[in-house]
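>>> got a structure for you, letters missing:
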């Protein structure tokens, strides 16, 4: 899971081991349509995984109540990929394929391994891992065979780096604060999802005249951030960016940052990629997260969100707690639409051809797949990156203004 990025990018060299993908050529032959769902139901991402499971349970229940799909009832089969561990992903993939599921569908089950695993099989694999490694697998399949069963219904992680380099430096003016310099600190975990985004951010920011004064690569489970915080202070970084998917790591960083600087102050903003949306983050970070900036490419942004929330609350008794409460439903809905257009669920090639044509306006935006790698397009006309600030113990949408609802940025409490 924590392999170096160089090793991750060697994926294109070993893909021949996984082609052709049409190993299993048909689904269940009775009147039940099986949805396989590889998800992180235990481990550090379990709170996100639970929301994915709930989203699919609601989707299946509603579709079955409406008469099913092509006149057949749907059944959900889950598989726990734990902490996104390669051996668990492989085992889940083998089990779901052995059960002849008609689709493998998830919010995320990533580590770069899931795409390689599901590329072996014929059924569509629909996910929102937000990983270039997954896109490379699909790209290789398409180059070699003309098609791919892999569909990533969100932009890849580099979109975070590109977006942050465009917008982060505009936030100070919106806060009424002037940063003392153009110095940036980059703290990133040794995981491609975070490395690629952080490095793209650093590259584009440097091209704009900003200076990377701290560039630290850590491992998952990093405990003591004191030395890194000392470097940040000594270097006078005005923008502190943290790229680590593990919510425990992110919360640990914020608590130590807060303790180090809340009294004497530090002239710096803190930005994180995606991780704060994982439900347990706010509970773990507590007051230390107040003022934190973060963004995600999976957000509830459509007019249908309010109605969806009501249906969710009616079933589960609580509000959706994750962006993947919404994104996973989009993955389900676009697959259902493709099956209905194809008029079959067993002919995987026909369903895949319809998935390629997807132009789905879902809860998280307009989903259209790039024909070269089956990754959803990013941008305001497609899947927007939405910024939020933690304030009052909750997430507040802050940018773009179309989604902010009038929220005004607050100066973090450590900026004195």
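Right, received. Where do you want to start? The structure displayed is predicted, hence computed values, not measured ones. Residues are numbered from 1 along each chain as shown.

>>> And the helices in the stretch 101-250 of the chain, which stretches?
In the stretch 101-250 of the chain, the segments counted as helices under DSSP state H, counting those that start in this stretch are 113-118, 132-145, 158-167, 171-175, 192-207, 226-235, 247-261.

>>> so can I have JSON lines of the ones you listed showing distance to residue 356?
Quick note: C-beta positions are derived from backbone N, CA and C, even for glycine. JSON lines is the format used below for those (distance: least, CB to CB, whole Å):
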{"stretch": "helix 113-118", "distance to residue 356": "17"}
{"stretch": "helix 132-145", "distance to residue 356": "10"}
{"stretch": "helix 158-167", "distance to residue 356": "21"}
{"stretch": "helix 171-175", "distance to residue 356": "38"}
{"stretch": "helix 192-207", "distance to residue 356": "25"}
{"stretch": "helix 226-235", "distance to residue 356": "45"}
{"stretch": "helix 247-261", "distance to residue 356": "34"}
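
>>> Out of those helices, which is the most enclosed?
Mean neighbours per residue, mean count of other CB atoms under 10 Å, is largest over the helices of the stretch 101-250 of the chain for helix 113-118, with a mean of 27.

>>> That one: how far from the chain's middle?
The chain centroid and the centroid of helix 113-118 are separated by 16 Å under CA atoms, centre = their mean, to the nearest Å.

>>> by contact count, what packs against that helix?
Helices and strands touching helix 113-118, as assessed by 3 or more CB pairs under 8 Å, 6 or more residues apart in numbering; DSSP states H and E, comprise helix 86-98, strand 125-127, helix 132-145.

>>> among those, which is nearest residue 301?
Put simply, out of the helices and strands packed on helix 113-118 the one that sits nearest residue 301 is strand 125-127, at 19.7 Å, with distance taken as CB to CB.

>>> which residues sit against that closest one?
Applying CB atoms under 8 Å, 6 or more residues apart in numbering, the set of residues contacting strand 125-127 from outside is 103-110, 114-115, 118-119, 134, 149-153, 331, 334-335, 355.

>>> now with 10 Å?
Strand 125-127 is contacted by residues 21, 35-36, 38, 93, 96, 103-110, 114-115, 117-119, 134, 137-138, 148-154, 327-328, 330-332, 334-335, 338, 355, 358, 374 when judged by CB atoms under 10 Å, 6 or more residues apart in numbering.

>>> Please list the members of these that lie in strands.
Among the contacts of strand 125-127, the subset assigned to strands under DSSP state E consists of 35-36, 38, 103-105, 150-152.

>>> give the contact list for residue 53.
Counting by CB under 10 Å, 6+ apart, residue 53 touches 37, 39-41, 46, 76, 78, 80, 106-107, 324, 328.

>>> how about JSON lines for these, with neighbour count, distance to residue 192 and pLDDT added?
Formatted as JSON lines, the contacts of residue 53 follow (neighbours: other CB atoms under 10 Å; distance: CB to CB, whole Å; pLDDT from 0 to 100):
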{"residue": "37", "neighbour count": "29", "distance to residue 192": "23", "pLDDT": "98"}
{"residue": "39", "neighbour count": "27", "distance to residue 192": "20", "pLDDT": "98"}
{"residue": "40", "neighbour count": "28", "distance to residue 192": "17", "pLDDT": "97"}
{"residue": "41", "neighbour count": "18", "distance to residue 192": "23", "pLDDT": "98"}
{"residue": "46", "neighbour count": "19", "distance to residue 192": "22", "pLDDT": "96"}
{"residue": "76", "neighbour count": "17", "distance to residue 192": "29", "pLDDT": "98"}
{"residue": "78", "neighbour count": "19", "distance to residue 192": "25", "pLDDT": "98"}
{"residue": "80", "neighbour count": "18", "distance to residue 192": "22", "pLDDT": "98"}
{"residue": "106", "neighbour count": "30", "distance to residue 192": "18", "pLDDT": "98"}
{"residue": "107", "neighbour count": "33", "distance to residue 192": "18", "pLDDT": "97"}
{"residue": "324", "neighbour count": "33", "distance to residue 192": "20", "pLDDT": "96"}
{"residue": "328", "neighbour count": "34", "distance to residue 192": "22", "pLDDT": "98"}
